[in-house]
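Chemist: Pasting the sequence and the predicted model now:
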Amino acid sequence: MRRDGDTTFVTVRTDAVFHPPLAPSSLHFDDGTTVHLDVVVSTDDHTAEFRTNATALDAVAGRVAELQQWWAPDAYDAVADVGRTWVLERPISDHEHCLLDWVKIGDGGAEFGWRWARDWVCEPCYDEYFERDRLGLRSGTQVRDGQR
């Protein structure tokens, strides 16, 4: 763990090989502590450095944790691909789900969602990850496979 001004960086090491997308993800510790990892700054096969908004990390530094990745590769690609044109629509089907958080879109769920091809994203996720680009995927500040 290191700090650079107001930014905290966490380095995660593993004996296994990392498989993208690494962020967003969380570290889960035995005592119930969870650290959310927002952006991958650098990576190789067994080490990844993340940027996080967490601040009080001294108590977990050097401890073993479980890394839980939030998104499947297609969810990461949907957000990172700035060439996709998403359209706000009411789904025809009653069984669509947000690609990012699996919220139901349609009958009994959110009334509208953002659609590209067969993929759907709910309005809150679209605002957070597409419009505000909270993870830097759309602006190119996130790393995948060791590449910017």
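Modeler: Right, received. Where do you want to start? Numbers count the residues shown, from 1 in each chain.
Chemist: ok, which stretches of this structure are strands?
Modeler: 2-4, 7-13, 25-28, 34-37, 39-43, 47-52, 66-69, 87-89, 96-97, 104-105, 113-116, 119-122 (DSSP state E).
Chemist: so which of the ones you listed comes closest to residue 81?
Modeler: For residue 81, the closest of the strands of the chain is strand 113-116, at 8.7 Å, according to Cβ to Cβ. For glycine as for every other residue, the C-beta is placed from the backbone atoms N, C-alpha and C.
Chemist: packing partners for the closest one?
Modeler: strand 87-89, strand 119-122 (3 or more Cβ pairs under 8 Å, 6 or more residues apart in numbering; DSSP states H and E).
Chemist: So which residues make contact with that strand?
Modeler: 78, 84-89, 91, 96, 98, 105-106, 120-123, 126, 130 (Cβ atoms under 8 Å, 6 or more residues apart in numbering).
Chemist: Just checking: what are the partner strands of that strand?
Modeler: Applying DSSP bridges to the sheet, strand 113-116 is found paired with strand 87-89 (antiparallel), strand 119-122 (antiparallel).
Chemist: So which bits of it are buried?
Modeler: Residues 113, 114, 115 are the ones in strand 113-116 that count as buried (16 or more other Cβ atoms under 10 Å).
Chemist: do the same with stretch 22-29
Modeler: Result for stretch 22-29 [16+ other Cβ under 10 Å]: buried residues 22, 23, 24, 25, 26, 27.
Chemist: measure the nearest residue to the first one once chain neighbours are set aside to residue 102 for me?
Modeler: Looking back up the chat, that one is residue 22. Spatial nearest neighbour of residue 22, chain neighbours left out: residue 40 (4.8 Å); criterion: Cβ to Cβ, 6 or more residues apart in numbering. From residue 40 over to residue 102 the distance is 22 Å, taken as Cβ to Cβ, to the nearest Å.
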